[in-house]
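A.B. asks: Just a sequence and a predicted model for now, questions to come.
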Amino acid sequence: MNAIAPSAYHTLDVETLSHVTSARLPLQPIGDITMDSPASELMTDFAVTAGRSIQGSASIGQALATMKQAGVRLLLVHDHDGTFTGVVTSRELQGGRVVMRAMTRFNVQRDEVTTDMVQIPRAELQGIPLAVLKRAHVGDLVETLRQSGESHLLVTEQGDDGKPSVRGLVAASRVGKALGLDLEHPPEARNFADICRAVLGKYE
């Protein structure tokens, strides 16, 4: 280990926080969100908050534990060399049907089911380019979610190498919370499409 000369650095001035009354939280939208607000305000930006991921060979138990620890409902799935292969959501893992299908297809017990057996492959996912999202309103986002019926939409971005990558995501639950509506346990809606129709009706 290299020795550090005592005079090379100095102690930084610190101050008491008694006068600090707020904290800047980049994921908290400023002001009220309406259907006319910029859609990008409801995006979880992986450049600000790292997206959670898991290797496809991990068990579904590990995936659920990772979700619980991180407080998320979606994980990006990658293979052994880091290539993005799809996503897995708590809805699929806890619903049972997808897991049972994997057990039958691969002839394994439940504790042998791996994340890549139940993931939604990237070829079946829908996403929104970041450039498109930045020009859109929340109402456009709600309508897109209504049409797709998805609980999450990934946001993509063109990298410096010209290849697209996942930049972030939009969660239906966050959209509902921002609009002041319960999109997860609505009293009369049967599915997500019904919920979004109710949201649109509120602002007509």
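C.D. replies: Perfect, thanks for sending it.
A.B. asks: thought Arg110 was touching Arg101?
C.D. replies: No: Arg110 is beyond contact range of Arg101, at 11.9 Å (criterion: CB atoms under 8 Å). The C-beta positions use only the backbone N, C-alpha and C, and glycine is treated the same way.
A.B. asks: now Leu76, what's its secondary structure?
C.D. replies: Judged by DSSP: H, G, I helix; E, B strand; the rest coil, the three-state class of Leu76 is strand.
A.B. asks: what's across from it in the sheet?
C.D. replies: Bridge pairing for Leu76 (DSSP bridges) gives the partners Ser53, Val87.
A.B. asks: how close does it get to Ser53?
C.D. replies: 4 Å (CB to CB, to the nearest Å).
A.B. asks: which one of those two has more residues nearby?
C.D. replies: Neighbour comparison, Leu76 and Ser53: the larger count goes to Leu76, with 19 against 16 (by other CB atoms under 10 Å).
A.B. asks: If you average pLDDT per helix and strand, which one of this structure comes out bottom?
C.D. replies: None of the helices or strands of the chain scores lower by mean pLDDT, DSSP states H and E than helix 192-202, at a mean of 50.
A.B. asks: Please work out the angle formed by the directions of the host helix or strand of Lys68 and strand 74-78.
C.D. replies: Here Lys68, judged by DSSP states H and E, is contained in helix 60-70. With axes from the mean of the first three to the mean of the last three CA atoms, to 10 degrees as the basis, helix 60-70 and strand 74-78 are set at 130 degrees to each other.
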